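Q: Sequence first, predicted model second:
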Amino acid sequence: MATAPYLLAALSDISKNVSTWVAEVATLTTPDRIHWCEGSDADIAALRGELVARGELRELNQQTNPGCYLYRSDPTDVARVEHLTFVCTAAQDDAGANNNWMAPVEARARMRGLFQGCMRGRTLYVVPYCMGPLDSPYARCGVEITDSAYVVLNMAIMTRMGRAALERIAGDETFVRGLHSTGDLDPARRYIMHYPEELAIESFGSGYGGNALLGKKCHALRIASWQARTEGWLAEHMMIVGLESPAGETHYVAAAFPSACGKTNLAMLIPPDSMPGWKVYTIGDDIAWLHPGEDGRLWAINPESGYFGVAPGTSRKTNRNACEMIRRDTLYTNVAVTANNEPWWQGCDENAPATDWLGRLYDPANGPAAHPNSRFTVSAQHNPAYTAAVEDPRGVPISALIFGGRRRELAPLVYEARSWRHGVLVAASVASETTAAAEGAVGVVRRDPMAMKPFCGYDFGDYFQHWLRIGARLRRAPRIFHVNWFRQDAAGKFLWPGYGENLRVLAWILDRCAGRGGAHEGSIGLLPRPQDLQLAGLNLSDAVLRDLTEVPAAALRAELVGVRSYLDSLGPRVPSALYEELEAALQRL
Ligand code: GTP
Ligand code: SPV
Ligand code: MN
């Protein structure tokens, strides 16, 4: 039913709880204006226009890239800040050794001091949003209050934002309260606080990505993982993809890789020419909410509605669909620009940069032209592999769960866990080289269980226990796999071509799920033999294939011993079942 705009209720009248909270925050932060975000195209276009007029957003070449804009963040604010991210639970043990902790009273007091008067001269934006399809029982809502118009533009793409979300909130008056201010962008006055027991988030001093788009990592992972534990589901750092085989069978798989380790690219992969007949449907590229269904299977929704994707490495060769997708209506952050005012990044193999991400004339002596964590924000509906299944309120059934990391050495191309319990150990053992997605050193191997090290809102021991419990409830549990696209030779060259060719590994995984794929028992798990993988058209030498699929026993033993001391470091709540699996794995060697 179409409603004339003058008949619509004022946004501030729709939910009493939201209005009351906005008034409280306005008293604390003293903005000059309050803007309730309707979420309409006109509302967003007006906001974008203001940013362009103020010089905060740059219009890119509208002939070649219609609807595309560039935002340059503060040079000291370019990635998530894990050391400034806290989980503030009443009991410290509930946050676990895996999180920074602060007592809620102390955190609230500290943040109050920072937020006091911080919006003077600014506009306070009220951003109601829904994570997940508006009509899904699994969707959850929040309201982000922010003083950053750039954050609003991102939230409008990444979430179902605006009036409809606010109306859903008014239904039961519950929502996650996210308060955000860029403050003065001083890294010394920057905190990302989570209060899972109060369904609240406070973020100050950053305007970038996961620090500031509170629906994403703060809500959909840290707060949601806490809720999921009490309600019997899982909130995971996973992409979701549908694969239709040449025989016409469609299966969905979900994969957890740490930040900047290949989720977006796997979610929208393009089948190689030598595998005709395969079709790929993207459900999500970063976050999955997984629910045990009445049929005993695990069902997944993507709580987001857009992608905040890594720009570097995206090219027609690696990901043609992504190039198509980000040609129009895309908000770029910290990429470089060509002489023709088109966006540019490392590995895009087109043109050359004229100005770098800081807006300086490009000079290779200053480092890479685009920031390594430069990103694009774009609606999921622009993905050529978009499917209406994304909007299914029940989600999609998951046949396989895949874990992986970025590892030069050791981890083979693919193996299958022996059981759900072994799979939970495999997932808990994930290690990966750090990337530019978070501040700090890049390329250092660290443990990142389930790719959730920076995102689990509670104690990892409790989290592993929760995973075991979920598995016990599933009559038709997905099989669990581990992959690694990033093995390198001595010269630093990737051994596996990756990207679209990863379908060869997914095809084996689906064969295993259908009970027809062959495998041999290795000490690490079940591995494909050369004849089990579709390798036609690849030109992979036997030696490389062996390097990709063999794990020396001594290295595996050292790895398992490392896993044991890692589990020890997580404290007393790690389930004994995982230690038993670990001892069994050592025995097998
Ligand atoms: P977040 O958004 O940070 O959670 O990252 P993500 O997991 O979605 O990673 P993404 O797909 O954006 O990939 C990150 C980087 O890895 C990009 O530079 C990609 O080009 C590169 N990459 C992705 N898949 C592959 C692969 O199969 N092989 C190789 N060598 N590189 C890959
Ligand atoms: C990640 O770091 O895993 C991301 C980007 O997906 S951010 O939104 O900054 O968390
Ligand atoms: Mn991510």
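A: Okay, I see it. Numbering: from 1, shown residues only. Ligands and ions are numbered 1, 2, ... in the order given.
Q: quick check: mean pLDDT across the strand or helix carrying residue 505?
A: Assigned by DSSP states H and E, residue 505 falls within helix 503-513. Helix 503-513 comes out with an average pLDDT of 98.
Q: Return the distance of that helix from the chain's centre.
A: Helix 503-513 has its C-alpha centroid displaced from the chain centroid by 23 Å (Cα atoms, centre = their mean, to the nearest Å).
Q: which is the next helix or strand following that helix?
A: The element immediately downstream of helix 503-513 (helix or strand, assigned by DSSP H and E) is strand 520-521.
Q: And for that following strand, what's in contact with it?
A: The contact list for strand 520-521 (Cβ atoms under 8 Å, 6 or more residues apart in numbering) reads 526, 527, 529. C-betas here are computed from N, CA, C, even on glycine.
Q: Which neighbouring elements make contact with the next helix or strand along the chain from that strand?
A: Note on strand 520-521: by DSSP H and E, the next helix or strand toward the C-terminus is strand 526-527. Strand 526-527 sits against strand 414-416, with contacts defined as 3 or more Cβ pairs under 8 Å, 6 or more residues apart in numbering; DSSP states H and E.
Q: follow-up on the earlier one: turn the contacts of strand 520-521 into a markdown table, including neighbour count.
A: A markdown table is the format used below for the contacts of strand 520-521 (neighbours: other Cβ atoms under 10 Å):
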| residue | neighbour count |
| --- | --- |
| 526 | 19 |
| 527 | 20 |
| 529 | 10 |
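Q: Residue 97: which of those is nearest?
A: Taking Cβ to Cβ as the measure, residue 97 sits nearest to residue 526 out of the contacts of strand 520-521, at 31.7 Å.
Q: quick one: pLDDT of residue 74?
A: 97.
Q: residues contacting it?
A: Counting by Cβ under 8 Å, 6+ apart, residue 74 touches 185, 207.
Q: one more time with 7 Å
A: residue 185 (Cβ atoms under 7 Å, 6 or more residues apart in numbering).
Q: quick revisit: which strands or helices does the helix holding residue 505 pack on?
A: strand 250-256, strand 396-404, strand 414-416, strand 479-483 (3 or more Cβ pairs under 7 Å, 6 or more residues apart in numbering; DSSP states H and E).
Q: Checking the third one against ligand 1, do any of its residues make contact.
A: It refers to strand 414-416. No. Strand 414-416 stays clear of ligand 1 (Cβ under 6 Å from any ligand atom), getting no nearer than 12.3 Å.
Q: Where does pLDDT dip in this structure?
A: Residues of the chain meeting the criterion pLDDT under 70: 1-7.
Q: which one's the longest helix in it?
A: helix 553-569 (DSSP state H).
Q: circling back to that earlier point, so which of the helices and strands packed on helix 503-513 gets nearest residue 91?
A: strand 250-256 (27.3 Å).
Q: does the closest one come close to ligand 2?
A: No. Applying Cβ under 6 Å from any ligand atom, one finds strand 250-256 separated from ligand 2 by no less than 10.7 Å.
Q: Tell me who's in contact with the closest residue to ligand 3 within the stretch 401-550 of the chain.
A: Nearest residue of the stretch 401-550 of the chain to ligand 3, counting by Cβ to the ion: residue 437, 6.8 Å away. Counting by Cβ under 7 Å, 6+ apart, residue 437 makes contact with 79, 80, 259, 260, 373.
Q: got the phi/psi numbers for it?
A: Here is the backbone geometry of residue 437 (degrees, to the nearest 10): phi -70, psi -20.
Q: Would you mind measuring from it to residue 155?
A: Distance, residue 437 to residue 155, using Cβ to Cβ, to the nearest Å: 19 Å.
Q: And residue 124, by the same measure?
A: Counting by Cβ to Cβ - residue 124 and residue 155 are separated by 14 Å.
Q: Settle it for me: which of the two has more neighbours?
A: Neighbour comparison, residue 124 and residue 155: the larger count goes to residue 155, with 31 against 21 (by other Cβ atoms under 10 Å).
Q: isn't the more buried one right next to residue 127, touching?
A: Yes. At 5.1 Å, residue 155 and residue 127 qualify as touching, with contact defined as Cβ atoms under 7 Å.
Q: Show me what from the stretch 1-150 of the chain comes close to ligand 2.
A: By Cβ under 6 Å from any ligand atom, the residues of the stretch 1-150 of the chain that approach ligand 2 are residue 80.
Q: And the strands in the stretch 1-150 of the chain?
A: In the stretch 1-150 of the chain, the strands defined using DSSP state E, counting those that start in this stretch lie at 33-36, 57-59, 69-71, 85-87, 100-101, 123-131, 140-146.
Q: Packing partners of the shortest one?
A: Read it as strand 100-101. With contacts taken as 3+ Cβ pairs under 7 Å, 6+ apart, strand 100-101 sits against strand 85-87.
Q: What strands line up against the strand it packs on, and which way round?
A: Under the criterion DSSP bridges, strand 85-87 sits next to strand 100-101 (parallel), strand 191-195 (parallel) in its sheet.
Q: And the contacts of it?
A: Outside strand 85-87, the residues within contact range by Cβ under 7 Å, 6+ apart are 95, 99-102, 107, 191-194, 196, 222, 457.
Q: Out of these, flag the one nearest to ligand 3.
A: Checking these against ligand 3 by Cβ to the ion gives residue 222 as the nearest, at 12.5 Å.
Q: which ones are touching the closest residue to the closest one other than its chain neighbours?
A: Nearest residue to residue 222, sequence neighbours excluded (Cβ to Cβ, 6 or more residues apart in numbering): residue 457, at 3.8 Å. Counting by Cβ under 7 Å, 6+ apart, residue 457 touches 87, 194, 196, 222, 223, 225, 226.
Q: As a markdown table, these with neighbour count, secondary structure and distance to ligand 1 would be great.
A: Formatted as a markdown table, the contacts of residue 457 follow (neighbours: other Cβ atoms under 10 Å; DSSP: H, G, I helix; E, B strand; the rest coil; distance: Cβ to the nearest ligand atom, whole Å):
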| residue | neighbour count | secondary structure | distance to ligand 1 |
| --- | --- | --- | --- |
| 87 | 26 | strand | 20 |
| 194 | 32 | strand | 19 |
| 196 | 24 | helix | 21 |
| 222 | 26 | helix | 15 |
| 223 | 28 | helix | 18 |
| 225 | 24 | helix | 16 |
| 226 | 25 | helix | 20 |
